[in-house]
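> Show me how the following folds:
(4 chains)
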2 protein chains.
Amino acid sequence: MKTTLENFLEAIPQVNTLEHFQAATEELRDKLELEHVVYHWVNSVGERFGAGTYSSEWVDRYLEKDYLRMDPVIFGCFQRFTPVNWKQLDWSTKAAKAFLVEAIDFGVGNQGYTIPIRGPHGQFALFTVNNTASDADWEAFIDAHGRDLIIVGHEFNKKALEFETGDSALPTPSLSPRELMAISYLAKGFSRAQAAQEMGISEHTLRVYIEAARHKLGALNTTHAVARALSTGVIIV
Amino acid sequence: MKTTLENFLEAIPQVNTLEHFQAATEELRDKLELEHVVYHWVNSVGERFGAGTYSSEWVDRYLEKDYLRMDPVIFGCFQRFTPVNWKQLDWSTKAAKAFLVEAIDFGVGNQGYTIPIRGPHGQFALFTVNNTASDADWEAFIDAHGRDLIIVGHEFNKKALEFETGDSALPTPSLSPRELMAISYLAKGFSRAQAAQEMGISEHTLRVYIEAARHKLGALNTTHAVARALSTGVIIV
DNA sequence: TTTACCCTCCCCCAAAATAGGGAGGTATAA
DNA sequence: TTATACCTCCCTATTTTGGGGGAGGGTAAA
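Purely as a prediction, here's the structure:
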């Protein structure tokens, strides 16, 4: 006998095309008897990929209005690792309230559960299930399927990663140890002079590392270099 | 009848103390019949917390030598979201080879499986199971328990997060919309002048935002502010 | 052995960022 | 109503970075 999880996992696409992802979200939506299932990700260079059952009108509206920048789901999930029941999020701002009303107008259900997933190179993905339901019914649904959904979300993401790396494989720039140290110190707020002192070298030398790192990271300035190093994961904290 | 997963989850501590975490790793190790189970995390301000069954000699050695900065497991996991079988990692550098030999000397098994977990505020955690085994046996073990371990790792992390927020709750600084925009542009590599133009305001005004954001973020300079904003998740990409 | 990459040091000068200060208008919340 | 926080603009001076250039010695791989 198949478990519920195995049943869900059957929906994960076997072939890496956007169409298969789309079909998988639809299949999963039907299996779960929900209104919407959405998988969406953004990598560190801002490339996006998404598949889901939201109406194309809503997707267009969302992109057009750049709702990514104020959607409480995105924001809440970005600061969290645990799956989020939408009811837990902060909908108190005026913009958030208006956003929610508009979303429901476009056929998005009032209840949602989103699993944030983080990947290599600053990749950030969301796996969302959505429905119109009472709070109690939704609680019960999450209790029953929450853990399975985590696994399903991760399987989705694994597929998406294969897709990405096959397509536009981002080579992680390899910084030399001294370059890494230099960038790390700057990320901690040290000035060049302080970092140089900390590393026991002249500031001139340190500058050479910073510039080498900047070029390797394809960054426009030091701040950009640190930002890229952090979001691609080449430096820690 | 209890499922394997339920059996494992029984080991998750019900009370938030370091001792309970320690006990949980030991209980899990025994249930899984492994040599080691380790849970470890670092948050964005560098605070650490760990519980596990490694010998204290190895932990001391590891900290003393600052192996965190060259451990291929840490490095590999930091750039990945999927669980990692240690055999897949890059052990080719001289330092990595020496590290592995030393680890085994200190009683660490030759096989490992580590689940990277990312949380809010730049938190990064690792949940590791470790054993001495042949490649085939280890593969079989992972096939059997890999998914359960993901859930267990996440449950561990959930507990650790409760622990942290209860203890030294880091209030996420709340930046105003304009401050967020300003910091975001800088993170993208814009100069102050470019960012100001992009936002349609004077460079002077933009500077006020940057400085306000710097103060809120407790940052020493702009680069530090961007680094903190990224690692605490207040800005996206 | 040559090639390549890494580490270290130095010069000069223009451009950008930082550290203080102050001022006025608009919301929103206590 | 009175704070409080936000948005916008301006000043001066100092410090820090950025963009060029060049040079020597080390290690490691091809």
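
> Geometrically speaking, which residue is the centre of chain A?
Closest residue to the average C-alpha location of chain A: residue A:124 at 1.9 Å, with C-alpha atoms, centre = their mean.

> distance of it from chain B?
To chain B, residue A:124 is 7 Å away according to C-beta to the nearest C-beta, to the nearest Å. No exception for glycine: its C-beta is placed from N, CA and C like everyone else's.

> try residue A:229
9 Å.

> Give the other helices and strands that the lowest-mean-pLDDT helix or strand in chain A contacts.
Lowest on mean pLDDT, DSSP states H and E among the helices and strands of chain A sits helix A:4-9, with a mean of 76. Where contact means 3 or more C-beta pairs under 8 Å, 6 or more residues apart in numbering or on different chains; DSSP states H and E, helix A:4-9 is packed against helix A:18-32, helix A:135-168.

> The residue nearest to the centre of chain A bridge partners, please.
Residue A:124 forms beta bridges with residue A:42, residue A:118, as assigned by DSSP bridges.

> okay, now residue A:49: neighbour count?
Residue A:49 has 17 neighbours, counted by other C-beta atoms under 10 Å in any protein chain shown.

> how about it, what does it touch?
A:18, A:40, A:41, A:160, A:163, A:164 (C-beta atoms under 8 Å, 6 or more residues apart in numbering or on different chains).

> follow-up on the earlier one: the residue nearest to the centre of chain A reaches residue A:40, doesn't it?
No. Between residue A:124 and residue A:40 there is no contact under C-beta atoms under 8 Å: 9.4 Å.

> Of the contacts of residue A:49, keep whichever come out buried.
A:40, A:41, A:160, A:163, A:164 (16 or more other C-beta atoms under 10 Å in any protein chain shown).

> So among those, where is pLDDT lowest?
Among those, residue A:164 carries the lowest pLDDT, at 64.

> Stretch A:183-192 near chain B anywhere?
Yes. Stretch A:183-192 lies within reach of chain B by C-beta under 8 Å from any C-beta of the partner chain, at A:186, A:187, A:188, A:189, A:190, A:191.

> and DNA strand D, which of those residues contact it?
residue A:191 (C-beta under 7 Å from any atom of the strand).

> Considering the residues of stretch A:183-192 next to chain B, which possesses the most neighbours?
residue A:186 (27 neighbours).

> Tell me which other helices or strands the one helix or strand that one maps to touches.
Residue A:186 belongs to helix A:177-187 when assigned by DSSP states H and E. The elements that helix A:177-187 packs onto, with contact taken as 3+ C-beta pairs under 8 Å, 6+ apart, are helix A:192-199, helix A:203-217, helix A:222-231, helix B:222-231.

> quick one: average confidence on the longest one?
Here the mean pLDDT over helix A:203-217 is 91, rounded to a whole number.

> got the contact list for that helix?
Against helix A:203-217 from outside (C-beta under 8 Å, 6+ apart): A:173-176, A:178-183, A:186, A:192-193, A:195-196, A:199, A:219-222, A:224-225, A:228-229, A:232, A:234.

> can you check stretch A:124-135 too?
A:32, A:34-43, A:52, A:73-74, A:77-78, A:87, A:108-119, A:138, A:141, A:149, A:152-153, A:156-157, A:160, B:236-237.

> Which of the helices and strands packed on helix A:4-9 has the lowest mean pLDDT?
Among the helices and strands packed on helix A:4-9, helix A:135-168 scores lowest, with a mean of 82.

> Tell me how chain A divides into domains.
Here the domain parsing of chain A from automatic domain parsing is A:4-168, A:177-231.

> So which bits of chain A are right by DNA strand D?
A:191, A:192, A:193, A:207, A:208, A:210, A:211, A:214, A:221, A:222, A:223.

> again, 6 Å this time
By the rule C-beta under 6 Å from any atom of the strand, the part of chain A lying against DNA strand D is A:191, A:192, A:193, A:210, A:221, A:222.

> how close does the nearest residue to the fifth one once chain neighbours are set aside sit to residue A:228?
Pointing back at residue A:221 there. Distances taken as C-beta to C-beta, 6 or more residues apart in numbering or on different chains place residue B:189 nearest to residue A:221, at 6.0 Å, with adjacent residues excluded. Residue B:189 sits 8 Å away from residue A:228 when distances are taken as C-beta to C-beta, to the nearest Å.

> Can you classify residue A:109 as helix, strand or coil?
coil (DSSP: H, G, I helix; E, B strand; the rest coil).

> excluding its backbone neighbours, what's nearest it?
Nearest to residue A:109 is residue A:132, by C-beta to C-beta, 6+ apart, at 4.0 Å.
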